[in-house]
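**Q** Here is my input; please provide its structure:
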Amino acid sequence: MLALATAGFMLCFWAWALLAPLGPTLREDLDLTSFQQSLVVAVPVVVGSLGRIFAGALTDRVGARRMFPLVAGLTVLPVLYLGHVADSLPAVLVGGFFLGLGGTTFAIGVPFVNAWYPPERRGLALGIFGIGTGGTALSSFTTVQLADAVGYAFPFDVVAGLLAGYALVAGLLLRDRSDRAVPSGSLLARTTAALRMPVTMRLAFLYAVAFGGFVAFSVYLPTYLTTAYGLGRSDAALRTAGFVVLAVAMRPVGGWLSDRLHPVPVLIAAYVALAALALLASVELLLVPLGTLAFLGMAAAVGAASGAVFALVARLVSPERVGSGTGVVGAAGGLGGFFPPLIMGAIYGATDDYTWGYVLLAITAGATAAFTATTMRHEARQASHAA
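**A** So this is what the prediction gives:
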């Protein structure tokens, strides 16, 4: 069940990230401004993020056995539309809006995996499921290369075929745990209750910085590398894929460390490292070796933090509310990735420099480390005493 959920998550995330590597291509073909290019790659992020709120609450009620095949099958439609129909900025934005559906699968998989594992193993299990975010690496590795080698529509056709196949397999094989906790009340009532829970909003803030940083880099790094360092599109896409692979690999490490130590110290260390490395990147070091090391260090930090946040979710949120809570927390993570590309594009458009973007990231990460060390440490201690 964990393997099936991870595979579905990865394929849907691959679809979700199809536009990001093609950002420079779309900018040239459609004569986009820097801000318009950022908007194209950010729209699927915000739609997929907000959609997690409802997908998580719905999964609590009907289960992942129904939700995974449904979402994977429906995501085929915007993928084919973007590959074969969309040929203008409004059309691409419409396709990107519906492509956001693929990003909701995170909130489907977390409560599903959470139900199958005991508390002492959930950090690692959820971290392994989080490897599905590597779908963005698959997109970075393959989209530009396939488009250049075969044709613009080909990577979209490949992903659409894989999604259709997964929807069929998941419909046949995926099953929810028979004794999983099923909440009562309407979808709206449960979503509202999750939004009103203070612990949910605090966890959402932590994830907005951790996973938001991951999403922001994965969608904007190709643009940054081509603009700031003059790299070619394929080279920038491959370097971005390296960032994504390391971040994805560190996610189960963060969950594993959280199981053995505690999520709070893991999060503090990750956010402090992110702040320090963002300050280092702000001076625009030579890409090789120091700039590359700074980016890879930030990848490790956001990956470990993303895994640790959901280890903390498993400790602080009751089982029957994990889907709703995950939807809110996951939405915050995606939204955290929506604004930085727009801010970076706007800053560069105004100043021809990215420095202040990294300074803002460093300030945010440092404040999050302090918040974790105080408020979240107290919250975790209270939950431990209550248990």
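**Q** Pull the contacting residues for residue 64.
**A** The neighbours of residue 64, taking CB atoms under 8 Å, 6 or more residues apart in numbering as the test, are 5, 108, 109, 111, 112, 174, 176. Any C-beta I mention is one placed from the backbone N, CA and C, and that applies to glycine too.
**Q** Farthest pair within those?
**A** The two members of those with the most space between them (CB to CB) are 111 and 174, at 13.5 Å.
**Q** Buried ones in stretch 312-320, by neighbour count?
**A** Neighbour-count burial for stretch 312-320, counted by 16 or more other CB atoms under 10 Å, picks out 312, 313, 314, 315, 316, 317, 320.
**Q** One more: stretch 255-263?
**A** So, applying 16+ other CB under 10 Å, buried residues of stretch 255-263: 255, 256, 257, 258, 259, 262, 263.
**Q** Not including adjacent chain positions, what is the nearest residue to the last one?
**A** So the one you mean is residue 263. Counting by CB to CB, 6 or more residues apart in numbering, residue 263 lies nearest to residue 312, which is 3.9 Å off, once chain neighbours are set aside.
**Q** okay but the one you found is in contact with residue 380, surely?
**A** Yes: contact status for residue 312 versus residue 380: in contact at 7.1 Å, counting by CB atoms under 8 Å.
**Q** joint contacts of the two?
**A** Residues touching both residue 312 and residue 380 (CB under 8 Å, 6+ apart): 263, 264.
**Q** in the stretch 151-300 of the chain, which spans are helices?
**A** With helices called from DSSP state H, counting those that start in this stretch, the stretch 151-300 of the chain shows them at 154-173, 187-196, 198-228, 233-260, 263-281, 292-316.
**Q** Okay, now the unreliable bits of the stretch 151-300 of the chain?
**A** Low-confidence segments of the stretch 151-300 of the chain (pLDDT under 70): 184-185.
**Q** before we move on, the earlier item: which residues are in contact with the residue nearest to residue 263?
**A** The contact partners of residue 312, by CB under 8 Å, 6+ apart, come to 203, 206, 258, 263, 264, 267, 376, 380.
**Q** Surely residue 369 touches residue 271?
**A** Yes: the criterion here is CB under 8 Å, and residue 369 meets it with residue 271 at 3.7 Å.
**Q** And residue 180, how far from residue 105?
**A** Distance, residue 180 to residue 105, using CB to CB, to the nearest Å: 18 Å.
**Q** Between these two, which has more neighbouring residues?
**A** More crowded of residue 180 and residue 105, by other CB atoms under 10 Å: residue 105, with 32 against 18.
**Q** which non-adjacent residue is nearest that one?
**A** In space, residue 105 is closest to residue 12, 4.2 Å off (CB to CB, 6+ apart).
**Q** so that neighbour touches residue 159, yeah?
**A** No: between residue 12 and residue 159 there is no contact under CB under 8 Å: 9.5 Å.
**Q** Quick one: list the elements packing against the host helix or strand of residue 340.
**A** Taking DSSP states H and E as the definition, one finds residue 340 inside helix 322-351. If you count contacts as 3 or more CB pairs under 8 Å, 6 or more residues apart in numbering; DSSP states H and E, helix 322-351 packs onto helix 34-62, helix 105-116, helix 187-196, helix 198-228, helix 292-316, helix 355-371.
**Q** So which bits of the third one are buried?
**A** The neighbour-count check on helix 187-196 (16+ other CB under 10 Å) flags 187, 190, 191, 193, 194, 195 as buried.
**Q** cool, the last one as well?
**A** Neighbour counts over helix 355-371 (16+ other CB under 10 Å) mark 357, 358, 360, 361, 362, 364, 365, 366, 368, 369, 371 as buried.
**Q** Same list (the residues you listed) but as a markdown table, adding distance to residue 226.
**A** Output for the buried residues of helix 355-371, formatted as a markdown table (distance: CB to CB, whole Å):
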| residue | distance to residue 226 |
| --- | --- |
| 357 | 16 |
| 358 | 17 |
| 360 | 22 |
| 361 | 20 |
| 362 | 23 |
| 364 | 25 |
| 365 | 25 |
| 366 | 29 |
| 368 | 29 |
| 369 | 31 |
| 371 | 35 |
